[in-house]
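Asks: structure of the sequence below:
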Amino acid sequence: LSETVNKLKKGIMRKLQLLIYCLLSTLFACSNANELDPNSTITTKHLMVNGKPFLMLGAQLRTDFFLQLDKKTPDELAPYFELAANMNILVVQVPVAWRDIESEKDVYTSSLVEKYIELCDKYQMKLEILWFGSYMCGYSVEGYIPDYVIKDTSTYPELKPSAAYEGWLGKQYYLKPNTSALVEREAKALKQMMEAIYHYDNNHGQKHTVIGIQVENEPDMLATRHNQEHGYTPEQLWPDLISMLDRLGQVVKNSPYDCYTRVNQTTTYSDYMEKSAEIAATTGIDYVGLDPYENTMLAIDGKLRRLRKIDGNFAHIAENGGEYTNNDLLTLKALSLGCGYEIFEVITTPHPDLADWTLRGVYNPDFTPKAHTQRIVDAYKIFKGAWVDLASADAKDIIGFNLKYDDGQEQTTENQNTTHVSIKWTTNSRGVAFAVEHNNCLTVASTKNDQMVFRDIQIKKIEKGHYDIDGNWNSEGDVEPMNQLTMEPCIVYKIQF
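Replies: The predicted structure is shown next:
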């Protein structure tokens, strides 16, 4: 009897959860048009890389901690990049600090960034460089800034010298943003890095491994989070901070190497979306993404839909916690909206100073998987296998299944439509599945042994396969063309109709 009562309770709770989700979604849609809007009202903004759409499916490697705290050498970083590749990501985000490029005043080196490109090429990933210059999480950090800048406080003034303290990587303080000398010196180092990337790419087959540059890291925290420490208000800092981001971004845009620029924003202050729009409107910054650190469908959905409303912006989650067990579904939610998603992080340093951070990694510090790691690996395998179609299709033609609940459902059936196809999907084992229509083809996959039934089309051919990192479709054999498909787990199917 008690078991029956418990089952009834669980059933009632699930129904209540769905009812609340639908109610909140409706309220958001009615009360604020910027929060939620149908895909059909939005022109899909594709992320363009080297002239073609690219799928932002990524995760971050904090190599700065491995090098500075764990005392690894660049030649010892290969296992970390291999682990990232085994996650089935398409692009890895890796920090390159100002002092990595300019170790002493006017002494420049490109060896570290070239090592990162080499490792990404080896493990078939693209590279986003996180430019750790004057600001990392709103702090100015000794481990990222050349010594001559830190020591010359008259030329490179601080907001409040007494606010400095000793952090993980040495002195942490607050440089005054947008002073002419600071921007001139940081811009010169950034220009040196971009020219080095250009020459390396030309000399190594023009693979265009580096696809984007993140300018600073959560720089908004200087204006919105550390105000009590340095004594300045957001209103005093935002104009100079945005101007500085713009000027640094223009260095990248004016370099001979073609790639996008972006800025990642936190979401802990009321006008973060308005400030994101201001940054995205500058000449130097192409896109703005968010670091929400939230694991509900409603939160991710609402933030991405608002980001999509920013003119010309490619909406993306720039960081979200790797500890979230439903990252497979959160990522699918982002992709189904025509957006990008990046996890923080692949693996965390075992250094005792960052013991509290070990939860963030998809993997444990000893490289072993966590309980939810395989979920992410499996989901990312099918996203990666179909990446060209997911990156190229209109959002209205990208269908994500099992997204009604934050943790998905173990057993469920859904009926959804693309422009030309009606699809009935059924899972009995918490499948994470999608269907995307593009160029008279329907590409489908699931992480489990799910079933799809297709209506309103005449199927000509079904084949298994995947796209490689260069966007080439690699066929793995044909399947009998029927309107009912029982899918093998983690296999991508392309259906011509």
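Asks: quick check, central residue of this structure?
Replies: E342 (2.2 Å; Cα atoms, centre = their mean).
Asks: packing partners for the host helix or strand of it?
Replies: Per DSSP states H and E: E342 is located in strand 340-343. Under the contact definition 3 or more Cβ pairs under 8 Å, 6 or more residues apart in numbering; DSSP states H and E, strand 340-343 sits against strand 57-60, strand 316-317, helix 327-336. C-betas here are computed from N, CA, C, even on glycine.
Asks: wait, the residue nearest to the centre of the chain touches I317, no?
Replies: Yes - between E342 and I317 there is a contact under Cβ atoms under 8 Å: 6.3 Å.
Asks: what's the most buried one of the helices and strands packed on strand 340-343?
Replies: Of all the helices and strands packed on strand 340-343, strand 57-60 carries the top mean neighbour count, a mean of 27, counting by mean count of other Cβ atoms under 10 Å.
Asks: rewinding a little: now the helix or strand just after the strand holding E342 - C-alpha only, PDB.
Replies: Later in the chain than strand 340-343, the nearest helix or strand by DSSP H and E is helix 373-385. Coordinates of each C-alpha in helix 373-385 appear next as PDB, following Å, rounded to 0.1, in the frame of the first residue of the first chain:
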ATOM      1  CA  THR A 373      29.700  12.500 -17.000                       C
ATOM      2  CA  GLN A 374      28.500   9.800 -19.400                       C
ATOM      3  CA  ARG A 375      25.200  11.600 -19.900                       C
ATOM      4  CA  ILE A 376      27.100  14.600 -21.200                       C
ATOM      5  CA  VAL A 377      29.500  12.600 -23.300                       C
ATOM      6  CA  ASP A 378      26.600  10.700 -25.000                       C
ATOM      7  CA  ALA A 379      24.500  13.800 -25.700                       C
ATOM      8  CA  TYR A 380      27.500  15.700 -27.000                       C
ATOM      9  CA  LYS A 381      28.400  12.800 -29.300                       C
ATOM     10  CA  ILE A 382      25.100  13.200 -31.100                       C
ATOM     11  CA  PHE A 383      25.200  17.000 -31.100                       C
ATOM     12  CA  LYS A 384      28.700  16.900 -32.500                       C
ATOM     13  CA  GLY A 385      27.800  14.200 -35.100                       C
END
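Asks: checking R247 next. Helix, strand or coil?
Replies: helix (DSSP: H, G, I helix; E, B strand; the rest coil).
Asks: for it, give me its contacts.
Replies: By Cβ atoms under 8 Å, 6 or more residues apart in numbering, the contact set of R247 is N178, V183, A187, G284.
Asks: of those residues, which is the nearest to G471?
Replies: G284 (28.1 Å; Cβ to Cβ).
Asks: am I right that that closest one sits in a strand?
Replies: No - checked against three-state DSSP, G284 lies outside a strand; its state is coil.
Asks: quick check: phi and psi on it?
Replies: The phi/psi pair for G284 (degrees, to the nearest 10) reads phi -90, psi -20.
Asks: could you number the chain from 12 rather than 1 from now on?
Replies: Shifting the count to begin at 12 puts that one at G295.
Asks: isn't it right next to G260, touching?
Replies: Yes - the criterion here is Cβ under 8 Å, and G295 meets it with G260 at 2.5 Å.
Asks: any idea how far the strand holding E353 is from the chain center?
Replies: Remark: strand 351-354 is offset 2 Å from the chain centroid, using Cα atoms, centre = their mean, to the nearest Å.
Asks: hmm, who's touching it?
Replies: So strand 351-354 is in contact with 58, 66-71, 102, 104, 300, 325-333, 338, 341-342, 345-346, 373, 387, going by Cβ under 8 Å, 6+ apart.
Asks: and that strand, average pLDDT?
Replies: The average pLDDT within strand 351-354 is 98.
Asks: pull up the pairing partners for that strand, direction included.
Replies: When pairs are called by DSSP bridges, strand 351-354 turns out to pair with strand 68-71 (parallel), strand 327-328 (parallel).
Asks: which positions in the helix or strand hosting C131 come out as buried?
Replies: C131 belongs to helix 122-133 when assigned by DSSP H and E. By 16 or more other Cβ atoms under 10 Å, the buried positions in helix 122-133 come out as L123, V124, E125, K126, Y127, I128, E129, L130, C131, D132.
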